[in-house]
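**Q** what follows is a predicted protein model with its sequence.
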Number of protein chains: 2
Amino acid sequence: MPPSPTAVPPPSDRVRLRRKPGRGHYDRETIHAILDASPICHVGVVVDGAPIVTPTFQWREGEHVYIHGARTNRTLNVADGAEICVTVSLLDGLVLGRSAMNHSANFRSVVILGRATRIDDPEAKRARLKAFIESLYPGRWDTLRPITDTELKATAILSLPLDEASAKLREGGPMDDEADYALPIWAGVLPVRMTPGTPEPDPRNLADVSVPDHVTGFRIG
Amino acid sequence: MPPSPTAVPPPSDRVRLRRKPGRGHYDRETIHAILDASPICHVGVVVDGAPIVTPTFQWREGEHVYIHGARTNRTLNVADGAEICVTVSLLDGLVLGRSAMNHSANFRSVVILGRATRIDDPEAKRARLKAFIESLYPGRWDTLRPITDTELKATAILSLPLDEASAKLREGGPMDDEADYALPIWAGVLPVRMTPGTPEPDPRNLADVSVPDHVTGFRIG
Ligand SMILES: Cc1cc2nc3c(=O)[nH]c(=O)nc-3n(C[C@H](O)[C@H](O)[C@H](O)COP(=O)(O)OP(=O)(O)OC[C@H]3O[C@@H](n4cnc5c(N)ncnc54)[C@H](O)[C@@H]3O)c2cc1C
Ligand SMILES: Cc1cc2nc3c(=O)[nH]c(=O)nc-3n(C[C@H](O)[C@H](O)[C@H](O)COP(=O)(O)OP(=O)(O)OC[C@H]3O[C@@H](n4cnc5c(N)ncnc54)[C@H](O)[C@@H]3O)c2cc1C
Ligand code: HEM
Ligand code: HEM
């Protein structure tokens, strides 16, 4: 159970939830746990006055999240030094009520606002990319062909502090209008989750190479 | 298989993919199929010059997507009449290469740019909400306690045309550097997908109410 929503105040007024504020959480543990559960985020930047939302991987180290892509990536270039928004969301269930309006969903999400900074130092970049690989696949980094300087130069990494962040969670069943409980309608929750399937080895894998633990043990969500 | 990326040109320059343009698709069928596969989107708006990205449900009818929430919802109020971005993304697999940089992911995504419009007519709103419920749970609408006028007034619905939209897809295994295929490293794809779990009936369901087909047959992704 996450701590009570009122235990920790929001770090700034602009990340304070107005809609369903009781579902808001601002403590580190809740925010970290949601970020660590989903490697995918959606990054918002402003281009020519209009918003652009780009799906991308994110990983967390301490009080920062990181995103990466090509040195020539537009989102990353626009984001460098600018105010951006990084949002992570997980759908945990569909909530079916007895009236249309009392349908909802169970979810966990984090919204981070702040100014992104590009990481330039090659050794810092290498360390961040190692943390990225290891966050998804513990133990894999040391087994790989090392990153080259050319690869490092082609790659941009941005960092965003968790200074201004909020989490929102919904859990549990439908909240129906009292009179509607008398109706003969199936109500409840249909849980959903991300599930890994059977690993598909590359046809060019060497004959004696077996599936590593970081693949068979992979969990997401 | 989606049609060839070059078969249909992008509807505008600002939705033309620059990075990995060969993964871009602009035909209706590909865009519709991705939107229909995921009810969740991320909406980008600009507030005080900074981007805000909000996770929310979306549904499609013909050449429009719709989003909904409280009449007092900030995202919806800012979006009304403004340039917004609606992004839908699905993670289909983790791609593991023999070098760090040749790690990737398989995915399907759609980015829609355009001006959102609020729907005001009550009958139009009712029809849109019916389509929303039916898109998730075919046959459910007629079984529910009808929407009241008060509920309709409390709800805002925005529409966004698909006039400016792009899709991006990656599929298949890792694309490694030729020399790296000689290394004894497990490479391949770990497919992931959203899976429904066991329905959890509300404790207050009437005794003779059974789980409907739109719950047992629910598919997502
Ligand atoms: C999977 C999923 C599906 C959802 N579907 C819907 C839907 O269909 N309709 C709907 O109305 N809402 C939906 N929500 C909730 C939605 O994300 C917003 O919280 C809600 O719409 C209120 O928006 P607002 O702009 O009025 O937020 P406000 O409460 O005005 O936002 C103020 C601040 O609160 C924080 N905040 C707001 N929302 C979130 C969030 N989700 N997570 C973390 N911090 C947040 C941000 O810092 C934001 O700047 C969904 C959420 C998730 C995760
Ligand atoms: C699940 C997922 C994870 C991803 N992870 C990463 C990552 O970690 N690093 C990374 O660099 N990229 C990642 N991508 C790809 C990413 O979404 C961008 O396409 C890519 O980063 C290029 O960004 P850009 O700003 O340079 O786009 P540009 O090519 O400059 O964008 C121009 C226009 O193309 C369209 N477009 C761009 N991206 C998409 C898209 N994904 N879907 C539909 N239309 C699009 C938009 O209309 C945009 O305005 C991921 C995509 C998905 C779906
Ligand atoms: C299957 C259909 C539906 C789903 C999955 C759904 C889902 C959601 C979700 C996830 C939220 C966010 C709750 C939160 O912020 O914690 C929400 C908010 C809302 N929904 Fe729906 N909804 C559905 C149908 C409807 C219908 C039919 C109506 C109106 C008749 C409606 C009216 C509202 C309103 C007014 C809010 C705002 C609540 C608030 O911010 O205080 N929804 N919906
Ligand atoms: C497990 C770790 C990684 C994952 C899951 C991952 C995932 C991705 C994804 C999904 C893309 C987008 C591809 C597209 O636009 O179609 C991407 C792009 C990119 N990645 Fe990674 N990546 C990882 C590690 C790395 C590392 C370690 C490097 C550098 C050494 C790197 C460098 C790049 C670059 C340069 C691009 C841009 C490609 C382009 O736009 O042309 N990635 N990555």
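**A** Looks like it came in fine. Ligands and ions are numbered 1, 2, ... in the order given.

**Q** use CA for all of it now, contacts and neighbours both
**A** OK.

**Q** what segments of chain A are strands?
**A** For chain A, strands defined by DSSP state E occupy the ranges A:24-25, A:40-47, A:50-57, A:59-61, A:64-70, A:83-96, A:104-115, A:117-118, A:155-161, A:164-170, A:188-196, A:200-201.

**Q** need the residues of chain A near ligand 2, please.
**A** A:54-57, A:68-70, A:73-75 (CA under 6 Å from any ligand atom).

**Q** buried only: go through those for me.
**A** A:54-57, A:68-70, A:75 (16 or more other CA atoms under 10 Å in any protein chain shown).

**Q** so which of those also contact ligand 4?
**A** Answer for those near ligand 4 (CA under 6 Å from any ligand atom): A:69-70.

**Q** got a list of what the residue nearest the centre of chain A touches?
**A** Per CA atoms, centre = their mean, the C-alpha nearest to the average position across chain A is that of residue A:88, at 3.5 Å. Shown in contact with residue A:88 (CA atoms under 8 Å, 6 or more residues apart in numbering or on different chains): A:34-35, A:38, A:40-42, A:109-111.

**Q** tell me the predicted confidence for it.
**A** In this prediction, residue A:88 carries a pLDDT score of 98.

**Q** what sits closest to it if chain neighbours are left out?
**A** Nearest residue to residue A:88 in three dimensions, chain neighbours excluded: residue A:41, at 4.6 Å (CA to CA, 6 or more residues apart in numbering or on different chains).

**Q** wait, residue A:185 touches residue B:208, no?
**A** No: in this structure residue A:185 lies outside contact range of residue B:208 using CA atoms under 8 Å: 9.7 Å.

**Q** looking at these two, which one has more neighbours?
**A** Ranked by neighbour count (other CA atoms under 10 Å in any protein chain shown), residue A:185 and residue B:208 place residue A:185 first, with 23 against 8.

**Q** separation between that one and residue A:96?
**A** The gap separating residue A:185 from residue A:96 is 10 Å, by CA to CA, to the nearest Å.

**Q** next one: residue A:79
**A** Noted for residue A:79: a distance of 39 Å to residue A:96, by CA to CA.

**Q** who has more neighbours out of those two?
**A** Set residue A:79 next to residue A:96 and count neighbours by other CA under 10 Å: residue A:96 wins out with 28 against 24.

**Q** isn't that one up against residue A:106?
**A** No: if you go by CA under 8 Å, residue A:96 and residue A:106 don't touch, sitting 10.6 Å apart.

**Q** who does the longest helix anywhere in chain A touch, helix- and strand-wise?
**A** Secondary structure of chain A read by DSSP state H shows that its longest helix is helix A:122-136. Other helices and strands packing on helix A:122-136, by 3 or more CA pairs under 8 Å, 6 or more residues apart in numbering or on different chains; DSSP states H and E, are strand A:59-61, helix A:149-154.

**Q** can you rerun that using 10 Å?
**A** Using 3 or more CA pairs under 10 Å, 6 or more residues apart in numbering or on different chains; DSSP states H and E, the elements in contact with helix A:122-136 are strand A:59-61, strand A:64-70, helix A:149-154, strand A:155-161, helix A:213-216.
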